[in-house]
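Trainee: Quick one, what's the 3D model for this:
(2 chains)
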Amino acid sequence: DTEVTQTPKHLVMGMTNKKSLKCEQHMGHRAMYWYKQKAKKPPELMFVYSYEKLSINESVPSRFSPECPNSSLLNLHLHALQPEDSALYLCASSQDLTDLNYEQYFGPGTRLTVT
Amino acid sequence: AQSVTQLDSQVPVFEEAPVELRCNYSSSVSVYLFWYVQYPNQGLQLLLKYLSGSTLVKGINGFEAEFNKSQTSFHLRKPSVHISDTAEYFCAVIYHYGGATNKLIFGTGTLLAVQP
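Mentor: Modelled structure (predicted):
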């Protein structure tokens, strides 16, 4: 099983709402990633967890709050977002953060619209 | 700064014609190279990767790429494209050096538009 799943597929939220994105993998991977992708642009790295600890935060605004409750799950909590945060949010996982022989596997993404 | 360049933002091609999508990277340090494909409204799927060994790499769906260290390039090719190959293609690089992490640097993407 080389699948990364993400829920929900689509999410519309107001600027005062609180919502969460969920990502799950059962490949035994110990590194998990959140990316943001705007239309016609490449994915931009937001956060990386390694062995359930936050390893990389690419200076993401605090209205995005990641959480890794266990080795298979990754959440992204959203609060007080702005319309410019509307994008496709991709989750990925890889065997390890520091062993570069392993590629990242991507989920299908959550399409977020902030109104 | 380390970067990846995909000069062609869009490549139109007729069905059954050959295609080459270009990718150049910026640094002479050791690299791992990847091509990912993204179909509309989907996530990214790995097409192929170069880590070491033979410079000609074969991937899924009939794609191949050649690593050229002297030209710092990793161009993607397919001898005969299908309508179903219409998608966005991203070249990505990991520059590996002491303490490096599995952090992909993506190119800006190339839209392959296959016409009947």
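
Trainee: which residues of the chain fall in strands?
Mentor: Reading this off chain A. A:4-7, A:10-13, A:18-25, A:31-37, A:44-50, A:53-57, A:64-70, A:73-79, A:87-94, A:105-106, A:110-114 (DSSP state E).

Trainee: Switch to chain B, please.
Mentor: Going by DSSP E, chain B shows strands at B:4-5, B:10-14, B:19-21, B:24-25, B:31-38, B:44-50, B:56-58, B:64-68, B:73-78, B:87-95, B:105-106, B:110-115.

Trainee: pretty sure B:L47 is in contact with B:L76, am I right?
Mentor: Yes. Judged on C-beta atoms under 8 Å, B:L47 makes contact with B:L76 at a distance of 7.3 Å. All C-beta spots, glycine's among them, are computed from the backbone N, C-alpha and C.

Trainee: anything in contact with each of these two?
Mentor: In terms of C-beta atoms under 8 Å, 6 or more residues apart in numbering or on different chains, B:L47 and B:L76 are both contacted by the residues B:W35, B:F63, B:Y89.

Trainee: how about the second one, what does it touch?
Mentor: Residues in contact with B:F63 (C-beta under 8 Å, 6+ apart) are B:W35, B:L47, B:L48, B:L76, B:R77, B:K78.

Trainee: If we ignore the residues flanking it in sequence, what's nearest the third one?
Mentor: In other words, B:L48. Nearest non-adjacent residue to B:L48, counting by C-beta to C-beta, 6 or more residues apart in numbering or on different chains: B:G59, 2.8 Å away.

Trainee: Pull the contacting residues for the one you found.
Mentor: Listed by C-beta under 8 Å, 6+ apart, the contact set of B:G59 reads B:W35, B:L46, B:L47, B:L48, B:K49, B:A65.

Trainee: Ramachandran coordinates for it?
Mentor: Backbone torsions of B:G59, given as degrees, to the nearest 10, read phi -120, psi -160.
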